[in-house]
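>>> let's see this in three dimensions:
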Amino acid sequence: MGCSVLLPFDGYIIELLAQNSAQSTSTSLPDLNDQQGNIFEDLDDTNMQNVVEKDINAENMKDFPDLNILNEIEEPPAETATPNFVPFIKALENASLDNPCEQLDTDMLNTIRNPPQEQLSIKNLFLAMGNASEDTYNRVRNAVKRRHPDDDILSFYQVKKLVTELTGISPLTHEMCINSCMGYTGPFALNTTCHYCSEEHYYTNSNGKQVAKKQFNTIPLAPQIQALWRTTDSAKNLCYRENYTNQVLDELSKSSGHRNNKSIFRDFFDGKDYLDAVLDKRIKPGDMTLLLSIDVSECWIYIWKHVLIGGFIPGPNKPKNIDNANRNITFLSHPFFALATADGPAMACINGFVGHQGKNSSQYYPLLQKPTDYIVADCDHNDRNLTELLMEFTSKKSVEQYNENLKYVGESENPTDFKRRWLNTGICKPTILSSLSPKHRLAIPLCFPLDLMHLPALNIPDLFIPLWRGTFEYDKTDSRDSWDWVVLKGDVWKEHGKQVADITPYIPGSFDRPPRNPAEKINSGYKAWEFLLYFFGLGPSYYKNYTKCVCGILVLLQENISFPELKESNKLLISFINEFETLYIQCRADHIHMARPSMHAIANIACETERWTIERTIGNLGEEMKQHSNPFANISERGLQKSLKSGAQNLGEGYVLQGKENSSYSIDPCEQAALRTYLENTGANLPSTWKVSITRWAKLKLPTNQTARTRWKEEASQGLTRCSRNVMVCTLHSLQIMKYTLQNTELGKPLAMVACYGPRNEGLFQKSSKTYWTVQHLRANGIKVIDIKSITSVVMMAPDPRYSLFFRDGTEKDRWFLMQKPMQRISAMLDLSDSENGELVDGA
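Below is the predicted model of the structure:
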């Protein structure tokens, strides 16, 4: 998925807007509402191919215009509130390792220019202890010394110094304003007071010495990249980009430059903009592609994705193919800046766009349908077709329009003119990334992708939930009493919140944090993951418009997306956006504010990539950064090793049996019949008197890194664990639940005894855009035996409180509904690939 159709949603398509006036690094190797109908016709395959992937061949892949317009931009008027950023951009353009203003120490300079040649290998107590604190390290070291006094174990200080010397990685300390307004670097390096708040740079300590009031750290990128290439395993991993790219280009060359129905989108490297850079030789073998990710926490943290930590800025205020990896060679690697990702506040600081919340400023909202009797300058356009806009607005047009708009803003004559121009363009300053050479970065603004974490997990729920609750802000000419979509209010909202909380025991532990009662906790630090599970798994699936949004986004959150899935997602999301305007905006000028940019932004994400890296890294930093340990260990391998230590059995392909029962188990008659049926269907010739005892296992670890538990094990825990026995099986259209895994020398291979759910209600499934999968439990009538490796994932099955809203004919009894973990394969649900249709079973 690339960045090839539309820009992020910061006000770039002016026709959609309606205004509401209220350097090189040397490295070495080793309720179902009938009114909610579709607005547009479905996209056909040809049109969608053009949207997702333009023709790719060496002849038509020329450099997009990346105009060097900074020299043409006049400095903003002195009296504007926006500072002049051009000097900072110019300073970065002229940056070098020998910069006298920001000098690097001799050792680091030597490491960058003359990288260590030996393979990097550090094995000692320090790294073995992983995330332990300094105090823990010292206590363990002292205990070992008491037992083995002759052993030479380095002190904490000594081992840290050794790691730094071996890797060449060490932080650089810089000075900054006490209020985190700015760093005393670049053009501000010699300032004695803060440019923004006038706070003094230094204070005088007890020894009469001038000391900076506050500091921040950066971790240079070059030594980190060099260290990655100095271990055999890591160097092999770094060949992933080049190998993957060659596979994509080979596929495209065999299909005339098009992606087809068998194409799978897995990575940024599937994107056209990236492939352009490769074919134009701006990215070469051995080059590293970089992703910068910034987020606002208690401090501002930015990382380079491998994951490499870039630095920490104290808060709380925001700052104003190497074919053979075993060859010992030294080569030049030109880092290529691919993407900059961030949450909303941080992205506004990076990309130079205005954002959507500003004091004393007008607000723009994107609309396709013109409000009735609405005449406003620059916004008086006819209704627009979103599909046509998406197909017309290419990467090339994005770059051209951005450059034109930036120049236009830079030519402002006074503060009033400046404000008018940034309102019209959404640009308030040039991005600092324009200082990077166009040869070594994606064009601006293509390097600013959508945020596929906060957009679905926070922005979309924050739009819908207040609408459904009737707490959304409204205009004085409007009345909430006329909002027929307000259903979650009063006791209904409280009961809904209780139902969400009551589902917690049924949500598998592998789903991570379950959503809390939204009626009580939604304004008390509700986490992004909670919103994701709640809104996209437990929401009102009887709203047709809402379910199109759910299905479309869940497809895009998968790690692997097929071309048919991508087309389906695009179709659903475009339909959702058009219907949203019809249902909620209703061509009313006093409803314009309901068209938040996030609602239209999702039209672009079929061509964007998902991003959760920074959030996960922040969550781990408190542990990982206690030591200079390696935070990139293979989690799956670590879990596998841990499992095997406890007597588990590795079945291969990522399947591991755990918790073997000590004694054999005599199975019930219905289970005996199910096992006989399975064995006879696989060619076994069994006598009529055949009986067998089996050995049970408690848990099964899956390739998804999830652990499925069996019913007998979960019942033995007496409700102390969240239900993890419902599994998806790659067979027919039904659900199954794992009763237990079983093994016997007569059986030949491990099998699973399961109890099936019945067929889903197909009508509700289709009307809900294939998001509402509701079934009855077959209990003893559904016992069967399956191949253990046909189990693909652990899913949630919870009592269904919604089915009775539609049917009260007895089929509502013992009713259960499905939720799959976001970011895992949902092809079985969509029925887009016959080979991946899923059966749900219960380890009951």
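>>> the longest helix seen in the chain: how far from the chain's middle?
Among all segments of the chain classified by DSSP state H, the helix with the greatest residue count is helix 563-580. Averaging C-alpha positions (Cα atoms, centre = their mean, to the nearest Å) puts helix 563-580 20 Å from its chain's average.
>>> likewise stretch 801-816?
In this view, stretch 801-816 has its centroid 35 Å away from the chain centroid, taken as Cα atoms, centre = their mean.
>>> shift numbering so it begins at 746
Shifting the count to begin at 746 puts that one at stretch 1546-1561.
>>> residues in contact with that stretch?
The list of residues contacting stretch 1546-1561 from outside it, by Cβ atoms under 8 Å, 6 or more residues apart in numbering, reads 776, 1244, 1285-1287, 1480, 1502, 1506, 1509, 1517, 1519-1522, 1524, 1542-1545, 1562. For glycine as for every other residue, the C-beta is placed from the backbone atoms N, C-alpha and C.
>>> swap the cut-off to 10 Å and go again
With contacts defined as Cβ atoms under 10 Å, 6 or more residues apart in numbering, stretch 1546-1561 is touched by 776-777, 1240-1241, 1244, 1247-1248, 1251, 1285-1287, 1471, 1480, 1482, 1502-1503, 1506, 1508-1509, 1512, 1517-1524, 1541-1545, 1562, 1585, 1587.
>>> pLDDT at the closest residue to M1033 other than its chain neighbours, what is it?
The spatial neighbour of M1033 that comes closest, neighbours along the chain excluded (Cβ to Cβ, 6 or more residues apart in numbering), is P1080 at 4.8 Å. The score at P1080 is 89. That number is its pLDDT.
>>> any stretches of the stretch 1446-1589 of the chain with poor pLDDT?
Low-confidence segments of the stretch 1446-1589 of the chain, defined by pLDDT under 70: 1464, 1476-1493, 1570-1586, 1588-1589.
>>> strands of that one, residue ranges please.
Counting by DSSP state E, counting those that start in this stretch, the stretch 1446-1589 of the chain has these strands, from start to end: 1452-1454, 1471-1474, 1479-1488, 1496-1501, 1519-1521, 1528-1532, 1536-1539, 1541-1544, 1560-1564, 1584-1587.
>>> assumed K1141 was part of a helix.
Yes - secondary structure of K1141, determined by DSSP: H, G, I helix; E, B strand; the rest coil: located in a helix.
>>> wait, it touches N1148, no?
No - with contacts defined as Cβ atoms under 10 Å, K1141 does not count as touching N1148, sitting 11.1 Å away.
>>> which one of the two is surrounded by more residues?
Higher neighbour count among K1141 and N1148: N1148, with 19 against 15, using other Cβ atoms under 10 Å.
>>> the more buried one reaches I1189, doesn't it?
Yes - counting by Cβ under 10 Å, I1189 is a contact partner of N1148 at 8.3 Å.
>>> quick check: bridge partners of T949?
Each beta-bridge partner of T949 is listed here: Q955, as defined by DSSP bridges.
>>> wait, it sits on A957?
No - with contacts defined as Cβ under 10 Å, T949 does not count as touching A957, sitting 11.6 Å away.
>>> got any ranges where the stretch 946-1095 of the chain has weak pLDDT?
Using pLDDT under 70, the flagged stretches of the stretch 946-1095 of the chain are 1040-1073.
>>> that one: helices as residue ranges?
For the stretch 946-1095 of the chain, the helices defined by DSSP state H, counting those that start in this stretch cover 966-973, 977-982, 985-999, 1017-1024, 1089-1096.
>>> which helices and strands sit right next to the third one?
Helix 985-999 is packed against helix 1017-1024, with contacts defined by 3 or more Cβ pairs under 10 Å, 6 or more residues apart in numbering; DSSP states H and E.
>>> what packs against the helix it packs on?
Helices and strands touching helix 1017-1024, by 3+ Cβ pairs under 10 Å, 6+ apart, are helix 985-999, strand 1034-1041, strand 1081-1087, helix 1140-1155.
>>> swap in 6 Å and give it another go.
Helices and strands touching helix 1017-1024, as assessed by 3 or more Cβ pairs under 6 Å, 6 or more residues apart in numbering; DSSP states H and E, are absent.
>>> that one to strand 1034-1041, inter-axis angle?
Orientation of helix 1017-1024 against strand 1034-1041 (axes from the mean of the first three to the mean of the last three Cα atoms, to 10 degrees) gives an angle of 140 degrees.
>>> okay, buried residues for helix 1017-1024 please.
Neighbour counts using 16 or more other Cβ atoms under 10 Å place 1017-1024 of helix 1017-1024 among the buried residues.
>>> for H1185, which non-adjacent residue is spatially closest?
Nearest residue to H1185 in three dimensions, chain neighbours excluded: F1081, at 5.4 Å (Cβ to Cβ, 6+ apart).
>>> can you show me the helices along the stretch 1346-1495 of the chain?
All helices of the stretch 1346-1495 of the chain, identified by DSSP H, counting those that start in this stretch, fall at 1358-1369, 1380-1390, 1414-1426, 1456-1461.
>>> D1223 touches H1336, doesn't it?
No - shown here, D1223 and H1336 do not form a contact pair, counting by Cβ atoms under 6 Å, at 7.0 Å.
>>> higher neighbour count, these two?
Looking at D1223 and H1336 with other Cβ under 10 Å, you find the greater number of neighbours at H1336, namely 21 against 15.
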